[in-house]
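Asks: structure of the sequence below:
(4 chains)
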2 protein chains.
Amino acid sequence: MRTRLKDVAEALKISVSTVNAALQNRPDISQKTRERVLGKARELGYLPNRVARSLVTQRTQVIGVVVPDLSRSFFTEVVTGIDEVASAAGYHLLLCNTREDPSREDSEIQTLIGSQVDGLIIASAHAPSENEVWRELRRTGVPFVLVDRFFRDTHFVGGDDEQIGFIATKHLIQQGYERIAHIRGPNVMTAIGRLKGYTQALHRHNMRVRRAYIVEAQYHDEAGGSEAAYKLLSLPDSPDAIFAASDPIAIGALESLQQRGLRIPEDFGLIGVGNVRYGQYLSVPLSTVDQQRQGIGKKAGAMLVDLITGRANPRALPILLEPRLLPRRSSCCKGYVSGSAVASRVNAPDHQSVDANR
Amino acid sequence: MRTRLKDVAEALKISVSTVNAALQNRPDISQKTRERVLGKARELGYLPNRVARSLVTQRTQVIGVVVPDLSRSFFTEVVTGIDEVASAAGYHLLLCNTREDPSREDSEIQTLIGSQVDGLIIASAHAPSENEVWRELRRTGVPFVLVDRFFRDTHFVGGDDEQIGFIATKHLIQQGYERIAHIRGPNVMTAIGRLKGYTQALHRHNMRVRRAYIVEAQYHDEAGGSEAAYKLLSLPDSPDAIFAASDPIAIGALESLQQRGLRIPEDFGLIGVGNVRYGQYLSVPLSTVDQQRQGIGKKAGAMLVDLITGRANPRALPILLEPRLLPRRSSCCKGYVSGSAVASRVNAPDHQSVDANR
DNA sequence: CTGTTAGCGCGTTCAA
DNA sequence: TTGAACGCGCTAACAG
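Replies: Residues are numbered from 1 along each chain as shown, chains lettered A, B, ... in the order given. Here you go, the predicted model:
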């Protein structure tokens, strides 16, 4: 059913290794045989068996990709970025969705190693402490790059979360908001970094950090964002702006704000993170910080390919992509009544259309 | 560096095949040896080499997935659905992004076949005529399922596009709109089906189909939707509602409508297709038709797994998932002034939160 | 230039 | 209950 090298060889009454050499365009094969081989191979529909090839070459041209949640746009965009550089370098992606389950992550990584992937890109679901499997990874020597969640002494590519928190908060301050709250993400690196940036920006501008102004939600949970905003608005001395750790949180918050009858951005400022698609088409165009999701994927893919081919520095050094502020109407600006003044100021620095579609 | 069966065997001074048998939990191995083997295997960090295993078993436990554009949410949601059932059945996904390039699709499918994938799920970039590679697919006997784009005599899972077009248009008619235009997608099956449903609905309600009311845009192109709507509004007898073939098109159209100062839904009705995330949070919550994207992926995955394991009917029969109308504010309803009456009517049938997150 | 030979790591006979 | 031998399809020495 499947044509093998041997079938081509027998049809031509020559040896397997000659066929092989001809198909590899090796120079030590006569033009005539090469043509005969190519012709017959095509005629019989020969396709090289990459499994057999991998067994001997010890390379699969496959990169394992491990993500915690395929249904979140962050990860699919990262995967898209990875695929772009990986496929250009001749690699395919073997995809694993761990659904935020650390034990599943461990077992998936093991089967990926068993699959002889040439390298791995992992967005880990593990808490910072329990990094068991990576000993295994190190032992086998499979090159791997972490994205989104960082661990010591590993190759890492991610957004610069402190910067993200810092520029988002600073932006709100500069727009004249005075009581800035933060809806933070769960207890993972990225959320911690954004929180840190938030507090730093407040300090830098001599504003105090109030515990009550910091509430938590899941990154992808609009309802949670809504609740969190509701809590904040119920405070005795309620805030006049929110830096949300993600766009979905911000979108949820927006609902609460609007239900409360608050005018945005006049009464209340709002900014998120992630630059989700359609953020600019929301009932109030949402200011956000772009983390360069595809860029993270591309960098990670490029780094891994370099690691595989030995072109990269095997010393682990983290790469942080610079975030970009995308001010839109939801935070621009307190005091403006509406309309064109804001719109024109907002359009210029908005890189969305340029970068989101590449 | 990598532990092999042989290494475990030598460490234990027993034969490879005994180790193998022990690891497979075959009953004809004594409890004692089994434990010794398991212990040593764990100690040495043995992971079965799936490449070698595949070479002999002729199965890889890998499903090839071919999509034309990873950056479109439709395909990533389908992939998510596929992964859900595939991983549950013990399969991994080998992902290929063809970037809408038919020749790339052909070559990718070939390397996937060469990779000995156990099956393929393909969202084809090919125009209906040029189905070259599928002879190859048929010849090799690799089971495959098509999604999104249909071809004769193949296993297919997709949305019911005629239904989609029909119920969307019918909905606009029932809401009292009278001059209903259609921004159709490009010349592919899905767009043709939706167009057909559109014309059928008009006929059914004794409304005429006007050529000028049908303009074209790319599915994922908001700017194109915007232009298309602009054209429609420039018509002498301009429409009072648009059925857009996708949500992004509808979102683009929405911009044009608002720039024109039209009140939605009072002056103008709008409905899209796809149930993109955040559609309900847009400046006007967007009515849409849910195609069940993840459902398509799940069905396709389940069908392929059945095909691989021989449980499925090898006769090709297309599966069309039933679309669901999600009426939101953008089309509900002409004559209503605003607010709560609409909102409450709209919330009940909105399945988004239920289905989008599974 | 072409053919022969020897593995890659594992699974599956069949003997012992 | 265990071990030896063979083959999956291909690549890479080396021999002719």
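
Asks: for the rest of this, base every contact and every neighbour count on C-alpha atoms.
Replies: OK.

Asks: surely residue A:271 is within a helix?
Replies: No. Under DSSP: H, G, I helix; E, B strand; the rest coil, residue A:271 sits outside any helix and is assigned strand.

Asks: residues near it, how many?
Replies: 33 (other Cα atoms under 10 Å in any protein chain shown).

Asks: residues from the stretch 1-150 of chain A in reach of DNA strand D?
Replies: Contact residues, the stretch 1-150 of chain A versus DNA strand D (Cα under 7 Å from any atom of the strand): A:4-6, A:16-17, A:20, A:47-50, A:52-53, A:55-57.

Asks: among those, the buried ones, what's the ChimeraX command?
Replies: Here is the ChimeraX selection string for the buried members of those, based on 16 or more other Cα atoms under 10 Å in any protein chain shown:
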select /A:4,5,6,16,20,47,48,49,50,52,55
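
Asks: dump the residue contacts of whichever residue of the stretch 251-358 of chain A sits closest to chain B.
Replies: Of the stretch 251-358 of chain A, the residue with the smallest distance to chain B, taken as Cα to the nearest Cα, is residue A:283 at 3.2 Å. By Cα atoms under 8 Å, 6 or more residues apart in numbering or on different chains, the residues touching residue A:283 are B:281-284.

Asks: residue A:303 in helix, strand or coil?
Replies: Secondary structure for residue A:303, judged by three-state DSSP, is helix.

Asks: mind checking how far it is from residue A:88?
Replies: Distance, residue A:303 to residue A:88, by Cα to Cα, to the nearest Å: 13 Å.

Asks: between those two, which is the more surrounded one?
Replies: residue A:303 (24 against 9).

Asks: over to the closest residue to the more buried one other than its chain neighbours: give its phi and psi.
Replies: Nearest residue to residue A:303 in three dimensions, chain neighbours excluded: residue A:312, at 6.9 Å (Cα to Cα, 6 or more residues apart in numbering or on different chains). Main-chain dihedrals, residue A:312, degrees, to the nearest 10: phi -100, psi 160.

Asks: count the neighbours of residue A:312 for me.
Replies: Using other Cα under 10 Å, residue A:312 is surrounded by 14 other residues.

Asks: secondary structure added to the contacts of residue A:283, as TSV?
Replies: Output for those, formatted as TSV (three-state DSSP):
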residue	secondary structure
B:281	helix
B:282	strand
B:283	coil
B:284	coil
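
Asks: closest one of the residues you listed to residue B:219?
Replies: residue B:282 (18.2 Å; Cα to Cα).

Asks: surely that closest one and residue A:255 touch.
Replies: No. The pair residue B:282 / residue A:255 is not scored as a contact, 11.1 Å apart, by Cα atoms under 8 Å.

Asks: quick one on the thing from earlier: need phi/psi at the residue of the stretch 251-358 of chain A closest to chain B.
Replies: Torsion angles, degrees, to the nearest 10, at residue A:283: phi -50, psi -40.

Asks: over to residue A:146?
Replies: According to degrees, to the nearest 10, residue A:146 has phi -90, psi 140.

Asks: ok, it touching residue A:156?
Replies: Yes. Using Cα under 8 Å, residue A:146 is in contact with residue A:156, at 4.6 Å.

Asks: and those two? Which one has more around it.
Replies: The residue with more neighbours, out of residue A:146 and residue A:156, is residue A:156; 26 against 22, by other Cα under 10 Å.

Asks: isn't the more buried one right next to residue A:317, touching?
Replies: Yes. Look at residue A:156 against residue A:317 with Cα under 8 Å: they come within range, at 6.9 Å.

Asks: all strands of the stretch 51-200 of chain A, in order?
Replies: Using DSSP state E, counting those that start in this stretch, the strands of the stretch 51-200 of chain A run over residues A:62-67, A:92-97, A:119-122, A:144-147, A:155-159, A:180-184.

Asks: other SSEs contacting the fifth one?
Replies: In terms of contacts (3 or more Cα pairs under 8 Å, 6 or more residues apart in numbering or on different chains; DSSP states H and E), strand A:155-159 is packed against strand A:144-147, helix A:293-308, strand A:319-321.

Asks: I'd like the ones you listed as JSON lines, with distance to residue B:222 and mean pLDDT appended.
Replies: Formatted as JSON lines, the helices and strands packed on strand A:155-159 follow (distance: least, Cα to Cα, whole Å; pLDDT from 0 to 100):
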{"stretch": "strand A:144-147", "distance to residue B:222": "30", "mean pLDDT": "94"}
{"stretch": "helix A:293-308", "distance to residue B:222": "20", "mean pLDDT": "97"}
{"stretch": "strand A:319-321", "distance to residue B:222": "28", "mean pLDDT": "95"}
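
Asks: who wins for proximity to residue B:192 among these?
Replies: From the helices and strands packed on strand A:155-159, taking Cα to Cα, the stretch that ends up closest is helix A:293-308, at 32.2 Å.

Asks: DNA strand C contacts on chain A?
Replies: Close to DNA strand C, as judged by Cα under 7 Å from any atom of the strand, chain A has residues A:13-18, A:28-34, A:52-53, A:55-56.
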